[in-house]
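> Based on what follows, work out the 3D shape:
(2 chains)
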There are 2 protein chains.
Amino acid sequence: MTAKAAIDFYFEFSSPYGYIASQLADDFEKRVGRPLRWRPFLLGPVFRITGQPPLVEIPMKGEYSKRDFLRSARMHKVPYRHPAKFPIGTVAAMRAFYWLDDQDPARSRALAKALYRAFFVDGIDISAAQTVVGIAKSLGVDEAALSAALEDHALKERAKKEVDDAIAANVFGSPFFIIDGEPFWGVDRMPMLEEWIRTGGW
Amino acid sequence: MTAKAAIDFYFEFSSPYGYIASQLADDFEKRVGRPLRWRPFLLGPVFRITGQPPLVEIPMKGEYSKRDFLRSARMHKVPYRHPAKFPIGTVAAMRAFYWLDDQDPARSRALAKALYRAFFVDGIDISAAQTVVGIAKSLGVDEAALSAALEDHALKERAKKEVDDAIAANVFGSPFFIIDGEPFWGVDRMPMLEEWIRTGGW
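So this is what the prediction gives:
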């Protein structure tokens, strides 16, 4: 018996819908019987290609979105406090994730959840590397090793390649799922993705 | 017993997701027990405010959307052929709708369905007034009266006010639903809207 191929789960650490998806991910994975491969990326470089400003800055749509972040979180029973500073840069969070992911994917997932919780529940601005390191340390990660890695060119290139790969895969939003080449954008498309898996697609 | 307040159902005649929503609308209305008030509007003036190009012209997102139009239609068992010329101007379609709607909302709804079917199933470019009039005629609408009305300043103002009202209500996409002041954007949010009605909101 071969292992079932993973579903790529792309998300950006500053994305409310990515955060909500991360909270639903474990149950989703169990229900559909396919593993999720967590892939943080950066929306900044994507928005430069698509010509889009951050969602909350788009006239009309921005106001709707701020209301919908809260409403969607309540619907899914996910704790959510809209961050005072939003959106933020998340390159340090992403780099830390991949550094840990190369060692232990289970721990990188725990780190992703902790980073998301810090930003969207505890109101902590996670843009600074030292903040990311502090959160990682609270999970037992080697503080000195991570701090050094975050300054290292190799990790920067490693993480940049993930963003390039996401863009090459046409990932333009967060969350974004790709299963066997089929793309699904948005936390509100997770039911459609689930139905796709259950039925084999249509 | 008072009549249940209507849910505003905004749509643009050149919108694939608006078309799919229109095909789901009658069953939806029966299930939720609240009438839908069909309100066509124009995305052009909205996009000038939001700074967005038409969906299919957005890099990355455009390709995804074209795939998703077809996939969403198949999921809902709605016939769909992506129009050769797309998007198109739909001001004549919208004006004809409101002209008929002021006389008989049931007939304007039938006209909306016929216009959508012509564009998204039969591949007919419905941008020209004479095409709209021809489709209306096939439903028994007075051809001469509608043709005259489409040239009339009063109808242009009547329809323009609808677009202005939609924008004032922060309607930035198609389809868009507003129930008791609560906005829902997208055909993929119809299940959320239905749950909102069923539970009274959250």
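
> low-confidence ranges in chain A?
Within chain A, the segments meeting pLDDT under 70 span A:1-3.

> So which bits of it are right by chain B?
Applying CB under 8 Å from any CB of the partner chain, we find that chain A lies next to chain B at A:46, A:49-53, A:58-61, A:63-64, A:67, A:71, A:74-75, A:167, A:170-173, A:183, A:185-186, A:188-189, A:191-192, A:195, A:202. Heads up, the C-betas are built off the backbone N, CA and C, glycines and all.

> In helices only, show me these.
In this view, the residues of chain A next to chain B that belong to helices under DSSP state H are A:46, A:49-50, A:61, A:63-64, A:67, A:71, A:74-75, A:167, A:191-192, A:195.

> circling back: and the residues of chain A next to chain B, which are buried?
By neighbour count, with 16 or more other CB atoms under 10 Å in any protein chain shown, the residues of chain A next to chain B hold A:46, A:50, A:52, A:58, A:60-61, A:64, A:71, A:75, A:167, A:170-173, A:183, A:185-186, A:188-189, A:192 as buried.

> Tell me where chain A has strands.
With strands called from DSSP state E, chain A shows them at A:7-11, A:36-40, A:176-179, A:182-185.

> among the ones you listed, which is nearest A:Ala110?
Nearest to A:Ala110 among those is strand A:36-40; the distance by CB to CB comes to 10.5 Å.

> Go through the closest one and flag the buried ones.
A:36, A:38-40.

> who's in contact with that strand?
A:6-13, A:22, A:25, A:28-29, A:90, A:93-94, A:97-98, A:101, A:105, A:108-109, A:112, A:162, A:166 (CB atoms under 8 Å, 6 or more residues apart in numbering or on different chains).

> Tell me how many other residues crowd A:Asp26.
12 (other CB atoms under 10 Å in any protein chain shown).

> And for A:Ala154?
9.

> for the one 4 residues further on, same thing?
Neighbour count of A:Arg158, defined by other CB under 10 Å: 16.

> so what's A:Asp8 up against?
If you count contacts by CB under 8 Å, 6+ apart, A:Asp8 has them with A:36-37, A:39, A:169, A:177-179.

> Recalculate using a threshold of 6 Å.
A:37, A:39, A:178 (CB atoms under 6 Å, 6 or more residues apart in numbering or on different chains).

> With A:Ala110 instead?
With contact set as CB under 6 Å, 6+ apart, A:Ala110 has these partners: A:Leu139.

> how close does it sit to chain B?
Counting by CB to the nearest CB, to the nearest Å, the gap from A:Ala110 to chain B is 29 Å.

> Also A:Phe120?
Taken as CB to the nearest CB, the spacing of A:Phe120 relative to chain B amounts to 18 Å.

> What count of nearby residues applies to the closest residue to that residue other than its chain neighbours?
Leaving aside its chain neighbours, A:Phe120 sits nearest to A:Tyr19 (4.7 Å; criterion: CB to CB, 6 or more residues apart in numbering or on different chains). The local packing of A:Tyr19 (other CB under 10 Å) involves 28 other residues.

> Can you report how many residues neighbour A:Thr199?
For A:Thr199, the neighbour count with other CB under 10 Å is 9.

> er, A:Ala128 I mean
A:Ala128 has 14 nearby residues by other CB under 10 Å.

> Can you give me the end-to-end span of stretch A:174-189?
In stretch A:174-189, first residue to last residue: 11 Å (CA to CA, to the nearest Å).

> For the closest residue to A:Ile179 other than its chain neighbours, give me its contacts.
Using CB to CB, 6+ apart and skipping residues adjacent in sequence, the residue nearest A:Ile179 is A:Ile7, 4.5 Å away. Listed by CB under 6 Å, 6+ apart, the contact set of A:Ile7 reads A:34, A:36, A:177, A:179.
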